[in-house]
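Participant: Below are the sequence and a predicted model; questions follow.
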Amino acid sequence: MTHSITKTQDPLTSRDRTIIAHIINQSDYPHKCQSEHVITIWINDDVVWVKMTHGYARFNKIQFKAAVAHFKQVLETPRERNDRLSQELETACKKFKLWHGQIDWLSFGCKLFQDKELMGVVGYNERGWYCRRRQYGPSQQVLTIDDAITLLGVKVAAA
């Protein structure tokens with residue numbers, strides 16, 4: 001019986017390593033960390049461990065997750081942001097059986113329709129997702145695109 005050895009792909013991207021190095025450098029870790037110093041990370045209970053070429057660092061899992069989310073937003077280009085938001089919008093439209101008009105890529109906003117009826121406007125700004133029933137008027141800030149659509153009075157489509 002022969003066994004073949006398959007080399008596994010490194011699960012950490014260079015962007016992941018950059019984010020991890022930045023978080024380490026913001027902490028009280030005594031050494032300066034470059035992205036190429038990061039070897040791997042793992043989670044043990046509520047502790048995130050980072051193995052580097054010059055030692056180990058440990059972080060609270062919740063605080064580490066928050067730091068990663070914050071730094072990803074800082075690193076995200078406008079194109080990456082729009083791609084991510086567009087994907088979230090498409091997924092939500094399928095879930096609620098909606099379609100959207102042309103997206104204003106500069107401010108990331110669009111009209112939502114169900115059949116031929118205008119349900120409202122959704123978009124994303126520096127504070128997160130928002131919705132409003134009319135083209136112009138006050139907006140309501142929400143956490144997710146699903147929350148925005150639900151506030152417009154749309155229910156999840158039956159399967």
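Facilitator: Arrived safely. Residues are numbered from 1 along each chain as shown.
Participant: Every contact and neighbour count from this point should use C-alpha atoms.
Facilitator: Will do.
Participant: just the helices in the chain please.
Facilitator: In the chain, the segments counted as helices under DSSP state H are 14-26, 61-75, 78-96, 145-151.
Participant: Which of those helices has the highest mean neighbour count?
Facilitator: Most buried of the helices of the chain, by mean neighbour count (mean count of other Cα atoms under 10 Å): helix 145-151, with a mean of 20.
Participant: How about residues contacting that helix?
Facilitator: Defining contact as Cα atoms under 8 Å, 6 or more residues apart in numbering, one finds that helix 145-151 is touched by 88-89, 92, 122, 129-131, 140-142.
Participant: Buried ones from those residues, can you make that a PyMOL selection?
Facilitator: Typed into PyMOL, the line below selects the buried ones among the contacts of helix 145-151, using 16 or more other Cα atoms under 10 Å:
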select buried, resi 89+92+122+129+130+131+141+142
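Participant: Closest one of the contacts of helix 145-151 to residue 155?
Facilitator: Taking Cα to Cα as the measure, residue 155 lies nearest residue 92 of the contacts of helix 145-151, at 11.2 Å.
Participant: Relative to residue 80, how far out is that closest one?
Facilitator: As judged by Cα to Cα, to the nearest Å, residue 92 and residue 80 stand 18 Å apart.
Participant: Distance from stretch 149-159 to the middle of the chain?
Facilitator: 22 Å (Cα atoms, centre = their mean, to the nearest Å).
Participant: do stretch 143-159 as well
Facilitator: Stretch 143-159 has its average C-alpha position 19 Å from the chain's average C-alpha position, going by Cα atoms, centre = their mean.
Participant: Would you format the contacts of helix 145-151 as CSV with pLDDT included?
Facilitator: Shown next, in CSV, are the contacts of helix 145-151 (pLDDT from 0 to 100):
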residue, pLDDT
88, 95
89, 96
92, 95
122, 97
129, 95
130, 96
131, 96
140, 94
141, 95
142, 94
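Participant: Just the ones in strands from the contacts of helix 145-151, please.
Facilitator: When DSSP state E defines the strands, the subset of these inside them is 122, 129-131, 140-142.
Participant: With respect to residue 13, which of these is nearest?
Facilitator: Nearest to residue 13 among the ones in strands among the contacts of helix 145-151: residue 129, at 28.0 Å, using Cα to Cα.
Participant: Tell me the bridge partners for the closest one.
Facilitator: residue 124, residue 142 (DSSP bridges).
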